[in-house]
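Student: Pasting the sequence and the predicted coordinates here, then a few questions.
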2 protein chains.
Amino acid sequence: MAKRGRPATFDRDEALRGAMEVFWARGYEGATLEDLQAAMGGISPPSLYNAFGSKEALFKEVVDLFMATVGAPAAQALAGEQTAREAIEGMLRRSAEAFSMPGKPHGCLVALGATNCAPANKGPQDYLLAIRRRTPGLIKQRLDRAVAEGELPAGLDTGAVAAFYTTIAHGLGIRAGDGASRRELMAAVDGAMAAWSGLTSPDGKGARRPPKRRAGR
Amino acid sequence: MAKRGRPATFDRDEALRGAMEVFWARGYEGATLEDLQAAMGGISPPSLYNAFGSKEALFKEVVDLFMATVGAPAAQALAGEQTAREAIEGMLRRSAEAFSMPGKPHGCLVALGATNCAPANKGPQDYLLAIRRRTPGLIKQRLDRAVAEGELPAGLDTGAVAAFYTTIAHGLGIRAGDGASRRELMAAVDGAMAAWSGLTSPDGKGARRPPKRRAGR
DNA sequence: CGATTTTTATAGTCTATGATAAAAAATGCG
DNA sequence: CGCATTTTTTATCATAGACTATAAAAATCG
C-alpha cells in the first residue's frame, strides 16, 4: 500500500544533511532560508515548512544529526577506550579531526552555531548551550570511573581535570572555525595531553580535592 | 573657547561604556538599538548615529575599548613578565579573571561577540576574527624571545606551544560565557600550566620543530 | 474516471530593527 | 538681539527575512 498523494521531489534525509552543511558553515542566524533552500535541493518554502516545521525546528534536527554523526567518534572514544587517558585523548583527537575535515565546514556547530543571538533566536542558542554544559559532566564521569577502577588516584579532583579538558575541547571548536589547520589543532591536543601526568599523578603536583568542609560555606 | 551649538545631554565615553556592557552581554546581533539606547543614557537614535555613525562603527569602538580595558591586564602580563612561563600563566589568569568579574558580563566579547552572523553583519564578525587570529602570533613571539634569551631550549616548536595556549585562552572565553565559575576557569589554567615542563623541556617529551623540508610539500 | 490526499508553485504578508528627515531647542559670537 | 552651529525631538522610513495563503499539480484509491 503505497502512500497516497503527490510524492515529494526531495529526500528528507538528504535535505537535512544539506541543511546541516549550511548551519554548520554559517550558524543559525547566518543561514537564511534562501541558503537553506538551495542546499536542500532547491525546495520551496512551503515544502520546507511542511517537512520540518520551522527554521528553529530544522536547526534542532540538524544539531541532533550533527551530534549523531560528526560528534559520534569523539563521544564513542570518551566512553569506549580502556583507560581514561586514552579516552580523553581519543575524544580530543576525534574532535580535532571532525572540525577540520577537507570539504566540510570547519569548526564546531555546537560551539559556534548560535552564540549571542538576537532575542528572537533564544531557542536555538539555549539548545546549544545545554549541550555544551553537558561536556564537563561527561568527562568527569569518565574520570570518576577511572578513580573507582584504580587507574587514577583516590582524592583526585576530577572536576578540576574535567574543567581543563572541557576548555580544550571547546577551544578546538573555535580555533578550527577561525581557520586553524589540523596540524595546529593536533598540537593543541599534544599540549593538553602533556598535562596528563602532572594533573593526575598522586604526588604533590596532582589536582586534589579539597578536604570536605562543613555545610554553610 | 567652548564648543558652539546645543550641548549634548550625555557623556560620550560613558555612553560607550554602556554600549560595551550590552555588546559584551548580548553580542553584536543580540544587542538591539533599543537595548543600546537604554544602556547609553536613554539617548535617541539620531543622537546615537550622530555620535557613533552606525551600529557597526559603535561596535568597533566598543571592541577597541574592550581590548584597551578588559583585555589589557592579560596583554600586559604576556608582554611584561620576566619569564615566558610567568607571562603565559599571567595572561591566562588575567583572562580568566576578566571573563568572570562580579557585576560584569561573563565571557569574552572577542570570542563570542560576533560568530556566525547574518550575511549583513560580516563586518563585525571579521573584525573580531582578525583580533582572534593575532593571538597565536603574540604568544609565539613571547616564546621565541624566551628561546633567544636561553630560557627555553633552541629547537622548541614554539608555534605548537602557542597553538596549545591559544586554544586554552579562547576556550576560557567560551566556558566563562557558558557560565563556568572562576574556580573552574582557574582549574583549567592549572591544567594548562601543568603541561608546561612537558611541552618545553629539552628532553624527548618537548615539542620540537620538525627538520626543515625542501619546498614543494 | 472522479474523489481524495499530499506536495509544489507563486506570490505575497508581517514583523523586527537598523537608519533618517525635518524641525525645534539650546548654546556661542558679533 | 540675530545668526551660525550643533544636538535633540518626533515621526517615520526601508529592508531583510521568516513565514503563509491560495490554488494548481501529481499521485493513489474506490
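Tutor: Cool, the structure landed. Numbers count the residues shown, from 1 in each chain, chains lettered A, B, ... in the order given.

Student: which residues are in contact with stretch A:16-36?
Tutor: Contacts to stretch A:16-36, defined as C-beta atoms under 8 Å, 6 or more residues apart in numbering or on different chains, come from residues A:39-41, A:45, A:48, A:52, A:55, A:58-59, A:61-63, A:65-66, A:70, A:104-105, A:107, A:109, A:112-114, A:117-118, A:121, A:124-125, B:29, B:115-119. Quick note: C-beta positions are derived from backbone N, CA and C, even for glycine.

Student: is DNA strand C contacted by the top helix by length along chain A?
Tutor: Longest among the helix segments of chain A by residue count, using DSSP state H, is helix A:122-148. No - with C-beta under 7 Å from any atom of the strand as the threshold, helix A:122-148 lies outside contact range of DNA strand C, at a closest distance of 10.6 Å.

Student: Just list what that helix packs against, helices and strands only.
Tutor: helix A:55-68, helix A:72-80, helix A:84-98, helix A:109-112, helix A:158-177 (3 or more C-beta pairs under 8 Å, 6 or more residues apart in numbering or on different chains; DSSP states H and E).

Student: ok, now with 6 Å
Tutor: Judged by 3 or more C-beta pairs under 6 Å, 6 or more residues apart in numbering or on different chains; DSSP states H and E, helix A:122-148 is in contact with helix A:55-68, helix A:84-98, helix A:158-177.

Student: Which ChimeraX command selects the buried ones in the contacts of stretch A:16-36?
Tutor: Buried members of these, identified by 16 or more other C-beta atoms under 10 Å in any protein chain shown, are gathered into one ChimeraX selection as follows:
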select /A:39,40,48,52,55,58,59,61,62,63,65,66,70,105,107,109,112,113,114,117,118,121,124,125 /B:29,115,116,117,118
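
Student: Give me the pLDDT value at A:Arg217.
Tutor: You'll see A:Arg217 listed with a pLDDT of 43.

Student: ditto for A:Glu34
Tutor: Per-residue confidence at A:Glu34 stands at 94 (pLDDT).

Student: Which of the helices or strands spans it?
Tutor: helix A:33-39 (DSSP states H and E).

Student: and that helix, which residues are buried?
Tutor: For helix A:33-39, a neighbour-count test (16+ other C-beta under 10 Å) marks A:35-37, A:39 as buried.

Student: Does DNA strand C have contacts with it?
Tutor: No - if you take C-beta under 7 Å from any atom of the strand as the test, helix A:33-39 misses DNA strand C, and the best it gets is 8.9 Å.

Student: touching DNA strand D at all, whichever helix or strand comes after that helix?
Tutor: Note on helix A:33-39: by DSSP H and E, the next helix or strand toward the C-terminus is helix A:45-52. Yes - with C-beta under 7 Å from any atom of the strand as the threshold, helix A:45-52 lies in contact with DNA strand D, specifically through A:45-46, A:49.

Student: Pick out whichever of these sits closest to DNA strand C.
Tutor: Minimum distance to DNA strand C across those is 3.7 Å, recorded for A:Pro46 (C-beta to the nearest atom of the strand).

Student: and A:Leu172, what is it in contact with?
Tutor: Neighbour list for A:Leu172: A:95-96, A:185 [criterion: C-beta atoms under 6 Å, 6 or more residues apart in numbering or on different chains].

Student: Could you measure from it over to B:His106?
Tutor: 21 Å (C-beta to C-beta, to the nearest Å).
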